[in-house]
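Asker: Return atomic coordinates for the entry below.
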Amino acid sequence: MKVTIKEIAQLAGVSVTTVSQILNQKGGRFSEATKQRVLRVIEEQQYSPNYFASNIIAKKSKTIGVIVPDFSEQFASAIVREIKYQVEQQGYYLIICESNYDFSKERELLEQLARIAVEGIFLFTPHDYSEENSIHKGRFQDIPVIFADRGLNEGYYGTVKIDEYTGVYQAIKWLIGKGHRKIGLIMDNSEHYHLGERYEAYHQALIDHGLLIEEKYIQKRPLTIAGGYQGATELLRHSEVSAIFCCDDMVAIGCYQAVYDSEKILDQEITVVGFDGGEVTQFVRPQIKSVRQPYRELGKAYAEKIQMAIEQPNRRMDDRLFHVSFET
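Answerer: Here you go, the predicted model:
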């Protein structure tokens with residue numbers, strides 16, 4: 001059974017306050033003999049103080065909550081990895097929860113994180129909170145909330161925005177430069193996200209180069225491996241595309257499998273380009289060409305925002321803009 005601080009005090013013949021102050025290195029007024037006696041009892045009883053409980057009382061839990069739609073989502077997982085690295089250097093730890101894209105589940109998780117007294121919350125969400133009054137002046141029950149949502153919500157602490165248009169336009173321009181005239185697109189079906197900039201860049205690049213926009217070249221699918229497989233299968237069956245742009249790397253992996261099953265040769269008969277540039281693109285062959293997100297810079301920006309919001313919760317912050325890139 002776990003020994004309590006009260007029992008430590010009784011065994012050492014001192015008060016609970018004395019034990020607490022010695023544990024917190026505030027025991028300067030006690031003799032060396034008293035301090036050594038207390039520390040010896042602590043070691044013998046293998047006592048470990050419940051810092052989490054005491055920090056909740058002090059409202060300094062050194063924890064930050066993170067709500068993600070799906071643990072397997074590449075964008076969220078890559079950003080969280082960078083945030084974790086940044087905040088742990090400042091002594092904070094992350095508590096990560098999954099909402100499964102459900103708005104009511106997000107609300108439930110916000111409540112649960114508030115109950116365990118996290119000092120800040122990252123909310124990765126596909127939902128619009130503009131009409132939702134539970135987050136007021138950037139805070140949920142006095143806890144700062146940083147939106148990580150591709151700019152969907154205007155956050156009190158500033159929005160981290162990503163210019164996706166330029167990178168996608170560069171990718172389509174590169175495909176056209178390689179001689180492709182029939183370029184397919186597998187885009188989101190708006191079930192969870194609406195990635196309008198990616199479609200607009202595809203559309204405008206074709207127009208600028210005098211190419212027709214044909215509906216048979218466009219598939220709307222879930223941004224999953226299965227969605228990519230289904231979309232690419234339809235494109236290869238009912239059109240003569242020689243290249244496919246996928247709005248997500250998971251889609252690109254499914255597209256690769258569909259190309260393989262069609263017995264066409266990747267990078268010779270069909271060229272595939274993805275979007276995100278996460279680790280997954282490094283482990284397939286031929287390696288997926290992808291529009292790359294600046295994950296490290298994004299993670300650092302989010303970490304800076306949450307730390308500043310914790311320290312100065314009433315301070316408004318500026319937006320931050322980052323650019324994706326396409327390099328072959």
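
Asker: For the protein, give me the ranges with low pLDDT.
Answerer: Low-confidence regions of the chain, defined by pLDDT under 70, span residues 1-2, 24-27, 48-59, 191-193.

Asker: In it, which residue is most central in space?
Answerer: A centroid search over the chain (CA atoms, centre = their mean) returns Ala76, at 2.5 Å, as the residue closest to the centre.

Asker: What segments of the stretch 101-250 of the chain are helices?
Answerer: Listed in chain order, the helices found in the stretch 101-250 of the chain under DSSP state H, counting those that start in this stretch are 103-115, 164-177, 196-208, 225-238, 249-261.

Asker: okay, now the domains of the protein?
Answerer: Taking automatic domain parsing as the criterion, the chain consists of the domains 5-49, 60-156+296-320, 163-292.

Asker: Out of those domains, flag the one nearest Glu327.
Answerer: Across the domains of the chain, the minimum distance to Glu327, taken as CB to CB, is reached by domain 163-292, at 7.3 Å. C-betas here are computed from N, CA, C, even on glycine.

Asker: and the closest one, how far out from the chain's middle?
Answerer: The offset between the C-alpha centroid of domain 163-292 and the centroid of the whole chain comes to 23 Å, using CA atoms, centre = their mean, to the nearest Å.

Asker: end to end, how far does that domain reach?
Answerer: Start and end residues of domain 163-292 are separated by 11 Å (CA to CA, to the nearest Å).

Asker: Same check on stretch 145-154?
Answerer: With CA to CA as the measure, the first residue of stretch 145-154 is 12 Å from its last.

Asker: contact partners of that stretch?
Answerer: Under the contact criterion CB atoms under 8 Å, 6 or more residues apart in numbering, stretch 145-154 has outside partners 76, 79, 110, 120-130, 135, 138-139, 155, 157, 159-162, 193, 195, 302, 305-306, 309.

Asker: So which of these sit within strands?
Answerer: 120-124, 139, 160-162 (DSSP state E).

Asker: circling back to that earlier point, just say which of the helices of the stretch 101-250 of the chain is most tucked in.
Answerer: Mean neighbour count, computed with mean count of other CB atoms under 10 Å, is highest for helix 249-261 among those, reaching a mean of 23.

Asker: by how many degrees do the next helix or strand after that one and helix 196-208 diverge?
Answerer: Beyond helix 249-261 on the C-terminal side, the first helix or strand identified by DSSP states H and E is strand 271-276. Computed with axes from the mean of the first three to the mean of the last three CA atoms, to 10 degrees, the direction of strand 271-276 lies at 150 degrees from that of helix 196-208.

Asker: Which neighbouring elements make contact with the following helix or strand past strand 271-276?
Answerer: Downstream of strand 271-276, the first helix or strand assigned by DSSP H and E is strand 289-292. In this structure, strand 289-292 packs against helix 164-177, strand 271-276, strand 325-326, with contacts taken as 3 or more CB pairs under 8 Å, 6 or more residues apart in numbering; DSSP states H and E.

Asker: how many neighbours does the residue nearest to Lys105 when sequence neighbours are not counted have?
Answerer: When the adjacent residues along the chain are set aside, Lys105 lies closest to Ser99, with 4.5 Å between them (CB to CB, 6 or more residues apart in numbering). Summarising burial for Ser99: neighbours were counted as other CB atoms under 10 Å, giving 22.

Asker: List the contacts of Ser99.
Answerer: Under the criterion of CB under 8 Å, 6+ apart, the contact list for Ser99 reads 67-69, 105-106, 109, 125.

Asker: cool, and Gly65?
Answerer: Gly65 sits next to 94-95, 97, 109, 113, 118, 120-122, 143 when contact means CB under 8 Å, 6+ apart.

Asker: Out of the helices of the stretch 101-250 of the chain, which gets nearest to Thr271?
Answerer: Of all the helices of the stretch 101-250 of the chain, helix 164-177 sits nearest to Thr271, with 6.5 Å by CB to CB.

Asker: residues making contact with the closest one?
Answerer: If you take CB under 8 Å, 6+ apart as the criterion, helix 164-177 is touched by 183, 195, 197-198, 200-202, 204-206, 209, 211, 243, 245, 271, 273, 275, 289, 291-292, 323-326, 328.

Asker: Make sure Ile253 is actually in contact with Ile288.
Answerer: Yes - using CB atoms under 8 Å, Ile253 makes contact with Ile288 at a distance of 7.4 Å.

Asker: And the strands in the stretch 1-150 of the chain, which stretches?
Answerer: In the stretch 1-150 of the chain, strands defined by DSSP state E, counting those that start in this stretch lie at 63-68, 93-98, 120-124, 139-140, 143-148, listed in chain order.
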